[in-house]
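[1] Predicted structure and sequence below. I'll ask about it afterward.
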Amino acid sequence: MEDDNYVPVSIILVSSGSRGDKLLFRYPFDQPEVVETTVRKVSHNPYAVRVVEDQSTEKPQSSCILKGNLVGFTDDILAAILAPKSELCNQKFELKVNDVRFIGHPTLVNHSSMGLASPKRDGPTMILFNLVFALKASASLSVITCYHGFSKRLSIALQHEERRCNYLSQQAKIMLGILDELAAMPEGEAEYLQSPFSRMLSKSEVTQDLCQVFTRLRDQGEVRVHINKWVEVSFCLPQKAHGCLRHMDHLSIQPEEINRCLESLRPYHAMLLLEDEHKLISSLSLDASPALVRLVLMASPLKSLSNLAADADFTLRQVFYLVGHLVHWARATIIYPLCETNVYVLAPNANLNVTSTLAEKFVASFRGVSLHAIMADFSLPSQLREHDSPLGLPDKQAQKVQMVVWMLQHRLLVQLHTYLFLVPTSGPSSLLVDNRFRGSLSAQRSRDELSVLQSDSRRVSGLSAYTEDSESESRRVSRLSVYSEDAESVVSECGSPLETSLSVEGNTVKNVLSDSEESTVPHRLRDLLPRELSAEEREAILAVPAARGVNDLRLFVRLCPYFQGRHHLEEIMYCENLRRSQLLTLLDKFRSILVTCQHEDKVTAVFHNL
């Protein structure tokens, strides 16, 4: 099972000092019973034919992991291989033995090495210690990096407490005392006693902390522990936390994917909390940033990040950092702000089992409603407003939105965005061949993001039926369709019509324009077209009747860099400060040379493993 590569096999604490290398603690310490191979009974019949077995067969390689536990290593062997020399301390420790990989961060604890006065000690002294996580050898590099970082943080916390109050030395004295008691007992009596590590759990605080660390990593993928009830150490394993907290074991999100998502984050995106805001605030540490608490209280799936920054009185950079923190800890996800024009479809990896845990949770949240009935409504891509009944009660409509939010939180829905391609009627599109407009787009995007705290006129007209603060303008906008084939032709605004006839032969579409008709195109319209466009693209654009309108042509030329299939409508609206009605009207006029497709946004697709 792939999830096993994220779960530690064991957690081990070893030390090196005046008494040599010692294994202080390991968890889990209960060794599973090894089933030995049964020996075939040899017949004593003197007349039986003896078959000589083939001795050339290779013996299978022994595994060091049995039923999820570490086996095949005695305590002395672990102490010898996991306690390095002092020269190898304060750096990454990695050792692979068969199918087990040991990850740690050896740390010096003697005061002389830290430039401090060594206090008087009655018992044995400790020179270094190593807190090691045992993983499967097949664990990915990102998992290994996460566990090394966590081991380093725990080691620094233990070193700090050792420097402050000799905490680790006192705990080591307790653990070594229990081991000495067991070693002093007769060999026959020691076999029937419980494991010394079991006795350590009731007497040593650090062993209790390590046991809690292992259990939380195995079950939830996140840890918050207080070393010596003083130093807080927190850790999140994104590969497991995002799937475990949402009851989706199939979901595995790598930290690198989250980083790429946050790098592509834009002010028009929104943050969706994955749990109740009050529960989230109560789970924060006591010294949590007040800005984080304020952001959680002000968050809404209807607000873009730029609006959220304005409402919370934060800079956009600060909002990005806080949102990234919540996303890493699987407390939030990235969506596009909810509005009635959003197109949703059922996620391809959604759990369709009738008796699934998600179905039970949905019934507990929305009594009398079937999860699979709601999922059936989104089996095909559809806009959110298509699920509204004009005669429905406001309470029913609000519940519908809450259901959609719940399904987004549990990654059951995927939002589809519309992407555009400029395809001339003859010849290939130069926008699809090269990236001439990429430089201008990057500069333009940087310029636009400087004004993200202004009024959000770029925002899609809001969900008027679902929120009291939304505008009613979207209700007045006519529902234009980019895909309509029977839409009416737009009358030319320059007074001289341009007649075109299209002849289709196989897969080729050609423009039939006479020289006299081509000469009627004003030169001022030709001058508006950028030089980056090919001759075929220029002729295809000018052949559209709407190109006779100077304003429409200028706006279309301004949007040409976005017609490469890399930018969806919402991004174009934000970057160019356009309303949806303006953009759809323009696209409808030039629909003969535009090709549209729908797929998920690369930023949000990370959270669905798409």
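    Now that the structure is in, tell me what you want to look at. Quick caveat: nothing in here was measured; it's all calculated off a predicted structure.
[2] rest of the way, CA atoms for contacts and neighbours
    Fine.
[3] SS state for the closest residue to F607 other than its chain neighbours?
    What sits nearest to F607 in space, not counting adjacent residues and going by CA to CA, 6 or more residues apart in numbering, is I253, at 6.8 Å. The local conformation at I253, judged by DSSP: H, G, I helix; E, B strand; the rest coil, is coil.
[4] and if you look at the one 5 residues further on?
    With three-state DSSP as the basis, the three-state label of I258 is helix.
[5] List the contacts of it.
    Counting by CA atoms under 8 Å, 6 or more residues apart in numbering, I258 touches V327, H328, V606.
[6] Show the contacting residues for the second one.
    Right, the one you point to is H328. C236, P238, P255, I258.
[7] Assign a three-state SS to the closest residue to S252 other than its chain neighbours, would you?
    Spatial nearest neighbour of S252, excluding adjacent residues (CA to CA, 6+ apart): Q239 at 5.0 Å. Recorded secondary structure, Q239: helix (three-state DSSP).
[8] just F314 next, same as before
    coil.
[9] phi, psi of it?
    phi -120, psi 160 (degrees, to the nearest 10).
[10] count of neighbours near it?
    16 (other CA atoms under 10 Å).
[11] can you check the one 5 residues further on too?
    Residues lying near V319 (other CA under 10 Å) number 22.
[12] Between the contacts of H328, which sits nearest S169?
    Within the contacts of H328, proximity to S169 (CA to CA) peaks at C236, which comes in at 28.2 Å.
[13] Tell me how far the closest one lies from K152.
    14 Å (CA to CA, to the nearest Å).
[14] try S202
    Distance of S202 to K152, computed by CA to CA: 26 Å.
[15] what do you get for H226?
    Distance from H226 to K152, by CA to CA: 15 Å.
[16] Settle it for me: which of these two has more neighbours?
    Between H226 and K152, counted using other CA under 10 Å, K152 has the larger neighbour count: 22 against 14.
[17] Leaving out the residues flanking it, which one is nearest to that one?
    H105 (5.4 Å).
[18] residue contacts, the one you found?
    Per CA under 8 Å, 6+ apart, neighbours of H105: C89, N90, Q91, K92, F93, N130, L131, V132, H148, S151, K152, S155.
[19] The second one and D209, how far apart?
    Same thing as N90. N90 is 22 Å from D209, by CA to CA.
[20] repeat for the first one
    With distances defined as CA to CA, the gap from C89 to D209 amounts to 23 Å.
[21] you'd agree R224 is in a helix?
    No - with three-state DSSP as the criterion, R224 is located in strand rather than a helix.
[22] quick one: the nearest residue to it once chain neighbours are set aside from L78, how far?
    Excluding its sequence neighbours, the residue lying closest to R224 (CA to CA, 6+ apart) is S234, at 4.3 Å. Using CA to CA, we find S234 at a distance of 27 Å from L78.
[23] where exactly do the helices run in the stretch 51-200 of the chain?
    75-82, 141-165, 167-184, 187-190, 196-203 (DSSP state H, counting those that start in this stretch).
[24] Which of these sits closest to S63?
    helix 75-82 (16.0 Å).
[25] how far out from the middle of the chain is that closest one?
    In terms of CA atoms, centre = their mean, to the nearest Å, the centre of helix 75-82 is found 37 Å from the chain centre.
[26] In CSV, could you pull the C-alpha coordinates for it?
    Listed next in CSV are the C-alpha coordinates belonging to helix 75-82 (Å, rounded to 0.1, in the frame of the first residue of the first chain):
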residue,chain,number,x,y,z
ASP,A,75,19.2,-3.2,20.9
ASP,A,76,23.0,-3.5,20.8
ILE,A,77,23.1,-3.5,17.0
LEU,A,78,20.8,-0.5,16.7
ALA,A,79,22.9,1.4,19.2
ALA,A,80,26.1,0.6,17.3
ILE,A,81,24.9,1.6,13.8
LEU,A,82,22.8,4.6,14.8
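[27] List the contacts of that helix.
    For helix 75-82, using CA under 8 Å, 6+ apart, the contacting residues are V14, S15, D21, K22, L23, N130, V132.
[28] Buried ones only from those, please, as a ChimeraX command.
    Buried members of those, defined by 16 or more other CA atoms under 10 Å, are picked up in ChimeraX with:
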select :14,15,21,22,23,130,132
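[29] where are the low-confidence patches of the stretch 301-450 of the chain?
    Flagging of the stretch 301-450 of the chain using pLDDT under 70 yields the residue ranges 389-392, 425-450.
[30] Which stretches in it count as helices?
    Using DSSP H, counting those that start in this stretch, helices in the stretch 301-450 of the chain cover 305-312, 316-328, 357-365, 371-377, 394-409, 430-433, 438-449.
[31] out of the ones you listed, nearest to L141?
    helix 316-328 (17.7 Å).
[32] okay, the angle between the closest one and helix 305-312?
    110 degrees (axes from the mean of the first three to the mean of the last three CA atoms, to 10 degrees).
[33] so how far is helix 316-328 off the chain centroid?
    With CA atoms, centre = their mean, you get 13 Å for helix 316-328.
[34] likewise stretch 85-101?
    29 Å.
[35] before we move on, what about stretch 582-602?
    Worked out by CA atoms, centre = their mean, stretch 582-602 lies 29 Å from the chain centre.
[36] Endpoint to endpoint, that stretch covers what distance?
    Start-to-end, stretch 582-602 (CA to CA) is 25 Å.
[37] can you list the contacts of helix 75-82 in a markdown table and add pLDDT, distance to E222 and secondary structure?
    As requested, those are arranged in a markdown table below (pLDDT from 0 to 100; distance: CA to CA, whole Å; DSSP: H, G, I helix; E, B strand; the rest coil):
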| residue | pLDDT | distance to E222 | secondary structure |
| --- | --- | --- | --- |
| V14 | 96 | 24 | strand |
| S15 | 95 | 26 | strand |
| D21 | 94 | 31 | strand |
| K22 | 94 | 29 | strand |
| L23 | 95 | 26 | strand |
| N130 | 97 | 21 | strand |
| V132 | 97 | 17 | strand |
